[in-house]
Every structure is written in C-alpha cells, then in structure tokens.
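Asker: Task: produce atomic coordinates for the following.
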Amino acid sequence: MNRSKGFRQWLGTLVALCVAPLCAAQSGLTTTLDASSSISGNRWATTWSAAQQQPGPMTIDGIFGGDKSRSFNNETIRHIVHTSVGGRKVRVRISNAYGFLRLSVGAASVALRRTGASIYPGTNRRLTFSGQTSIVIPAGAVAVSDAVDLDVPARGDLAVSVYLPTETEPATYHEKTMLDSYIAVAGNFTGATDLPGAAVIFSTFYLSAVEVLPSEPIPTLVAFGDSLTQGEGSSRNANRTWPDLLSARLNPNPSRPRLAVINQGIGCGRLLWDFCGPSGAARFERDVLSVAGATGVIVHLGLNDITIPSILPYFGKPDFAAEAVSASDIIVGLHQLTLRARARGMKIFGATIAPNGSSTVPGAFTPENEAKRQAVNRWIRTSGAFDGVVDFDAAVRDPANPTRLLPLYDVDGTHLNDAGYEAMANAVNLSMLF
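Answerer: Residues are numbered from 1 along each chain as shown. Below you'll find the model as predicted:
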C-alpha cells in the first residue's frame, strides 16, 4: 500500500510539472513542428501531382535511346505546376522514392509564376522542413514541407524551386509533363525573381505533390492512368489534358471550388507489369490511396497491358512477348483496385479503354488485341464493380469505325489532340463524383 501510495504521489508530481516552463517549452516545440497538420486536421487538398518514376532505361524513351533521367550537382530546379484548386496556405512533397542514397535539399521555395521561369516579386516564400531551411531525405522516403501563407489561385501556375547543393545519383523523376520547367545555372537560385539562361526541361525531378489549405474542405479526385491521362498529344503549356479540363468543368467559379483533380498518369504505364514506372497495381497505394484529401479515383488503364507485349518484339525486344496478358487478367487487376479503394472509403470509377485501330505502330492493333479491349470494356460497363463508369471509348471513337479514334481527335492512332481530351473530360458525369 505504501509503495502504491508513493508511486501515485510521484505520478502526481510529474503531471504537475507539465504546467512548468519545461513542458511549456516542449508544447511550443510541438506546436512549431506540427503546425502544418494541427491547423487543418484532414482539410489539406492536393492541387497538383506527378507520379514518380525510377530513373534509368526502362521507359519508352529510354528503350529507344532517349532516356531523360539525370543527376544534379549545385543546381536549382524551378518546377512550374498548374493548380486545380486554390488555398490560403501551401506545402510541397519532395520524394526520394527511387534513391539508393540520402538526398540533400539545400533550400526550397514556392511562388506565383509570372511567365516562363519568372515569378511575381513579393510572392516568393522560403520553404522549411520541420522548421529547418534544409533537409536530408533518406533513401526511399518523402519530405513534407511546413505550410507557408500564400494566396494560391485556382487554375493558376506556381513555381516550386528546389536547390540541390551536392552531387545526386540519378534523380527520382516524372519523365514527361505537359508544362515546361527550368534548370538554372550553377548555384542556389530559389530566391531569384527570374532565371536568365535557364535550360528548359520537360520532366519534373523529386517534386511529387503540391497541397493547399482551402477556406472550406475540398476533396481530391485522382486521375490514374497512362499517356492518355498524362496528356500526350495535347498542346504544351496550355493545360489541355483531360484532368485539367475536368477540373475546369468541376470548378467554373475559382472562388467556390467543388473538387480538386490531380493527374497521376504515367506515359506507357501498365496495370499489371512494371514499365515506365511501377505497375498501376504496385503504385496504387502511393499514387492514389495515400494522396492528401483524396476521396475518389478514375482508373483508365489496360491498353498498354494489351499492346506493349505485341509491339516491342518488333523493335528487337522479344522478352516482352512473355508479358502478354488476357482480358481476364486485366479484369482481375481492375477488380483488385476496387477492393483496395473501398477498403479506404474511397469511390472508384472505371473508364473504358479508348480505341487504337488507326495506330501505325507495328503490333499495336491486332484482332486479338481488339478482342481483349472489347472484353475489358464490356466488363467495365456491365459488371457493377465500380461506383460509376466513364465511357471514354464511346466519347472518342469514330461511329463509322468504332475500332478507331474519331479523325477529328486523332493524333497518331492512340493519342488525342486538345479537342479529343475535351471530349474525354466531357464524358465524365459530374453528379456521380459527389
């Protein structure tokens, strides 16, 4: 009894100390470090994203000698990103997902982009990471910046600058975007208003997401797909991908946004096999389920699963023939995504696979491949597995020849022009998203 009483007295003394300066200091430290999350609870919305890819030759460009991956040393990258919705605070995510070494970030900033690589004076905000102006990101990890005050506009452009002070290994990146970004001459230019002489790049490096804190909660919808979701064939620097255009439909009044839309498309990405990044099945956790504020996803995958094993053998890559899949394989893969999404309380919408009958790429369109596409689309439309269906196939095919894209939309037999991507965006029934 005496020992128990003594323990209770000791515990009471410890609790009482929490009113003392020591605990006050600890409380202040916690407030500083947790400010980004404690302000908002779960109200952060992802306004822009880029699905991360592993550097190296296993991309469609890399296979044909055009590998866009690279390393950095004492260089500043100024990424230009187009927002879906706005907010009063902003933070970013920097990913070392495919690093084998630790990544040193010497400085970072975010600002409103003016034109090209220039920013509006007075809008540049230095980013910190847990209160520090620099951070070392472990291999395979992500760093989330602290929130900064900035009136971020909906459907506007931000410049996110990242300074890499020491030599990096080949960078975790997103191979191709539809917006130009910039690499400055040597040195830290995160605070510069302009970057004269900067090199234009078509990729993003290390930057994986930009998140905003809106005045009212706004959910995020993920567009999850391949090059048609990425926007291949659309006009550069015009924000004419179907996720961009869907965002414009959903949010006609930028001051009263309804739903953020982000693009997690990877060119030549597949559902079941790694290529141009991890398979859709493998990256679903990171690129969909773990996205801040995400409540729904539109999945448009399967065409590359069907066509890549029959295309690449024509280009001296016979090993890919062994990766041929059946329609049933794709259906099972899509069904698995529905189970994983619902387990997280997320809505999932299935998009039918667009036609490619006018493609001139050897092996792309064959009777066997078309039969698989039709079987998968039939299941998407009729199975009831999804919370809703987006019929991209019906929206962009030629009524006179349904195995082909409508000539008005056709760029190369597989990809679309701006009008075609607008037709895809218009095919989404907005009411099913809420």
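Asker: From the opening residue of stretch 407-426 to its closing one, how far?
Answerer: 18 Å (C-alpha to C-alpha, to the nearest Å).
Asker: ok, and what's touching that stretch?
Answerer: 227-228, 231-235, 238, 240-246, 248-249, 303, 354, 356-361, 364-365, 392, 395-396, 398, 404-406 (C-beta atoms under 8 Å, 6 or more residues apart in numbering). Glycine gets a C-beta too; all of them are placed from N, C-alpha and C.
Asker: Pro313 looks like it's in a helix, true?
Answerer: Yes - counting by DSSP: H, G, I helix; E, B strand; the rest coil, Pro313 is part of a helix.
Asker: And the pLDDT at it?
Answerer: Pro313 is assigned 96 on the pLDDT scale.
Asker: which ones are touching it?
Answerer: Phe320, Ala321, Gly363.
Asker: now with 10 Å?
Answerer: By C-beta atoms under 10 Å, 6 or more residues apart in numbering, the residues touching Pro313 are Asp319, Phe320, Ala321, Ala322, Pro362, Gly363.
Asker: Now the buried members of the residues you listed.
Answerer: Listed as buried from the contacts of Pro313 are Phe320, Gly363; burial here means 16 or more other C-beta atoms under 10 Å.
Asker: so which two of the contacts of Pro313 are the farthest from each other?
Answerer: The largest separation in the contacts of Pro313, counting by C-beta to C-beta, is between Ala322 and Pro362 at 18.3 Å.
Asker: For Glu201, give the beta-bridge partners.
Answerer: Not Glu; residue 201 is Ile. Taking DSSP bridges as the rule, Ile201 bridges to Ser181.
Asker: where's it relative to Tyr182, distance?
Answerer: 7 Å (C-beta to C-beta, to the nearest Å).
Asker: Repeat that for Asp274.
Answerer: 30 Å.
Asker: show me what contacts Pro309?
Answerer: Arg270, Trp273, Lys317, Asp319, Phe320, Ala321, Ala322, Glu323, Ala324, Val325, Gly363, Asn369.
Asker: can you list those in TSV and add pLDDT?
Answerer: Output for the contacts of Pro309, formatted as TSV (pLDDT from 0 to 100):
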residue	pLDDT
Arg270	98
Trp273	97
Lys317	92
Asp319	94
Phe320	95
Ala321	97
Ala322	98
Glu323	97
Ala324	98
Val325	98
Gly363	97
Asn369	98
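Asker: Next step: these restricted to helices.
Answerer: With helices taken from DSSP state H, the overlap with these comprises Asn369.
Asker: Can I get the contacts of Pro309 in JSON lines including distance to Asp387?
Answerer: Shown next, in JSON lines, are the contacts of Pro309 (distance: C-beta to C-beta, whole Å):
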{"residue": "Arg270", "distance to Asp387": "23"}
{"residue": "Trp273", "distance to Asp387": "26"}
{"residue": "Lys317", "distance to Asp387": "38"}
{"residue": "Asp319", "distance to Asp387": "38"}
{"residue": "Phe320", "distance to Asp387": "34"}
{"residue": "Ala321", "distance to Asp387": "36"}
{"residue": "Ala322", "distance to Asp387": "35"}
{"residue": "Glu323", "distance to Asp387": "30"}
{"residue": "Ala324", "distance to Asp387": "30"}
{"residue": "Val325", "distance to Asp387": "25"}
{"residue": "Gly363", "distance to Asp387": "35"}
{"residue": "Asn369", "distance to Asp387": "28"}
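Asker: related to what we said a few turns ago, of Asp274 and Tyr182, which one has the most company?
Answerer: The neighbour comparison of Asp274 against Tyr182 (other C-beta atoms under 10 Å) goes to Tyr182, with 21 against 16.
Asker: Sticking with Asn263, tell me its helix or strand.
Answerer: Here Asn263, judged by DSSP states H and E, is contained in strand 260-265.
Asker: same check, this time on Lys372
Answerer: Counting by DSSP H and E, Lys372 is found in helix 367-382.
Asker: What pairs with the helix or strand following that helix, parallel or antiparallel?
Answerer: Sequence-wise, the next helix or strand downstream of helix 367-382 (DSSP H and E) is strand 388-390. Using DSSP bridges, strand 388-390 pairs in its sheet with strand 347-351 (parallel).
Asker: Can you give me the distance of Asn253 to Pro243?
Answerer: 19 Å.
Asker: Those two: which is more packed in?
Answerer: Using other C-beta under 10 Å as the criterion, Asn253 and Pro243 rank with Pro243 on top: 27 against 8.
Asker: mind checking the SS state of the more buried one?
Answerer: Classified using three-state DSSP, Pro243 is helix.
Asker: surely it meets Thr220?
Answerer: No - using C-beta atoms under 10 Å, Pro243 is not in contact with Thr220, being 11.3 Å away.
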